[in-house]
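Chemist: Using only what follows, build the 3D model:
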Amino acid sequence: MRIAVAGATGNIGSRTVAALERDGHEVVRISRSLGIDLATGAGLDDALTGVDAVVDALSAPPMGRDETVAYFGNATRNLLAAEERAGVRHHVLLSILGVDRVEGNAHYAGKREQEGLVAAGRVPWSIVRAAQFHDFAEMVAGWGEQDGVVTIAPLLVQPIAPADVAAVLAEVATGEPLRDRLDLAGPDPQDLVDMARRTYAARGRSAKFVPTWSGLFGPEMAGEVMLPGEGARLAPTSFDDWLAEQH
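Modeler: Reported below is the predicted structural model:
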C-alpha cells in the first residue's frame, strides 16, 4: 500500500514510517521540513496522489487553548480536504486516551477538535487514542524542576512505548477503517511521581519530588480518568522494560 504519514519526522511519526516500511509499504512523508505544509495546504495534493491511507501523527508547539484548537483544526481541515480530492480511503488519527474526560488542557482541546472533524468528515476513519508514553514522566518533571525540586502531578496513568503505538498505527492504517475510537495503553498502571523518580534514578540524577495539583495538570485528571476502560487494547512493553533499557 501507499501510505502517507503526517508529522513524519516526529517521535511517533518517524516510528510509524519505519514500521510501515519494514512491512513493505510505500510511505509518503508529510512534514513542513520536507516542503509539505499542513497549515497552508502547500504540497499536499501532490503528496497524496495515489495514496491509500493517511496516518496523522501531527504534534503542536505549546500554545494557549484557542491557538491550539485553531492549529489542529486548520491542519486537519486542509489534510481531510486534500484526502477527499485525492480519493484517499482511510484516515487514521493519533489522539489521546481520556481526551474526552479532561476539559482544562489546551492540547486535549486541540485533539478533540481533530477528532470531531475526522468523525464528521467524508473520508472513512479510525481514531487511536494512546496513553502517555514511557518518557512522559521525565518530560513533565523537567517542566517543573527548579533548584533540584520537582513539582509534579500525582497522575495515575498506564504508559505505553512509542514503538508499540507506531506498530498499532501501522496495523490500523493497513486494515479496514474502524469508524470508531480504539483506546490503547501499556500493560500496567503507574503513578507519575514514582515514574519520574525511577527515571531520574536510572539516569543517575537526583531531585526532591513534590506531588501537587497546582501545576499544568489539575485535579480533574485525578483518579482513574487517565486509565483505559474495558475493551482497550494493551500493548506488551511495560514501563519496567523500558526503564531497564535507560542508561
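
Chemist: Point out where the chain drops to low pLDDT.
Modeler: For the chain, the stretches with pLDDT under 70 are 247.

Chemist: Longest helix in it, by number of residues?
Modeler: Scanning the chain for the helix with the most residues, using DSSP state H, yields helix 65-86.

Chemist: next one: that helix to chain centre, how far?
Modeler: The chain centroid and the centroid of helix 65-86 are separated by 16 Å under Cα atoms, centre = their mean, to the nearest Å.

Chemist: try stretch 60-75
Modeler: Averaging C-alpha positions (Cα atoms, centre = their mean) puts stretch 60-75 15 Å from its chain's average.

Chemist: repeat for stretch 229-242
Modeler: Centroid separation between stretch 229-242 and its chain, computed with Cα atoms, centre = their mean, is 15 Å.

Chemist: Following the longest helix of the chain in sequence, what is the next regular element?
Modeler: Following helix 65-86 in sequence order, the next helix or strand is strand 90-96 (DSSP states H and E).

Chemist: contacts for that following strand?
Modeler: The contact list for strand 90-96, computed with Cβ atoms under 8 Å, 6 or more residues apart in numbering, reads 12, 52-57, 79-80, 83, 107-108, 111, 114-115, 118, 121, 123-130, 165, 169, 172-173, 176-177, 181. (Each C-beta comes from the backbone N, C-alpha and C, glycine too.)

Chemist: tell me the SS of residue 113?
Modeler: Under DSSP: H, G, I helix; E, B strand; the rest coil, residue 113 falls in the helix class.

Chemist: show me the contacts for it.
Modeler: Contacts for residue 113 were tallied using Cβ under 8 Å, 6+ apart; they are 69, 72, 73, 76.

Chemist: any chance of these in CSV, plus neighbour count?
Modeler: CSV is the format used below for those (neighbours: other Cβ atoms under 10 Å):
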residue, neighbour count
69, 20
72, 25
73, 15
76, 24
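
Chemist: Nearest to residue 138 among the residues you listed?
Modeler: The closest of the contacts of residue 113 to residue 138 turns out to be residue 72 (Cβ to Cβ; 24.9 Å).

Chemist: what sits against that closest one?
Modeler: Contacts of residue 72 (Cβ under 8 Å, 6+ apart): 58, 60, 110, 111, 113, 114.

Chemist: In the chain, what residue spans correspond to helices?
Modeler: Going by DSSP H, the chain shows helices at 11-22, 44-47, 65-86, 106-120, 136-143, 162-173, 192-202, 239-244.
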